[in-house]
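1. What follows is a predicted structure for the sequence shown.
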Amino acid sequence: MQTVLIVVHLLVSVSLVIVVLLQRSEGGALGMGGGGSGLGGLFSPRGAADTLTRTTTILGVLFFVTSLGLTLTALHGRPQSSILDSAPAATAPVQKPASQPIQPAAPAVPSPH
């Protein structure tokens, strides 16, 4: 299943790149497709642009769907885990009883001989 999705994903990716390169830019100078007669004279320039836009949208949706499908198939065999499962257990801090005041340690003074 994953191999089929990878092949479809690659075909959609290459097709999407080709269709995007065929479109005219906003300035109209960089597009390879179109021209005065359309794509081989089958479409008017406006009809060809609409067809390429529609094809780009469809290929973009297919790219998104195949990407999601590949992600879900890759995660299908993994056991679900959480970062909280690997965290150490929290322990309560040890507190001294309030009845015993904390006394500072006496400084070490050398005793005379």
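-> The structure has been received and is ready for your questions.
2. Sketch out the low-pLDDT regions of this structure for me.
-> 26-46, 90-102, 104, 107, 113 (pLDDT under 70).
3. The same query, at a cut-off of 80, please.
-> Applying pLDDT under 80 to the chain flags residues 24-49, 77-113.
4. The longest helix along it packs against which elements?
-> Secondary structure of the chain read by DSSP state H shows that its longest helix is helix 45-76. Secondary-structure packing of helix 45-76 (3 or more C-beta pairs under 8 Å, 6 or more residues apart in numbering; DSSP states H and E): helix 2-22. Glycine gets a C-beta too; all of them are placed from N, C-alpha and C.
5. And the helix it packs on, what does it pack against?
-> Under the contact criterion of 3+ C-beta pairs under 8 Å, 6+ apart, helix 2-22 touches helix 45-76.
6. tilt between the helix it packs on and helix 2-22?
-> Relative orientation of helix 45-76 and helix 2-22, computed by axes from the mean of the first three to the mean of the last three C-alpha atoms, to 10 degrees: 150 degrees.
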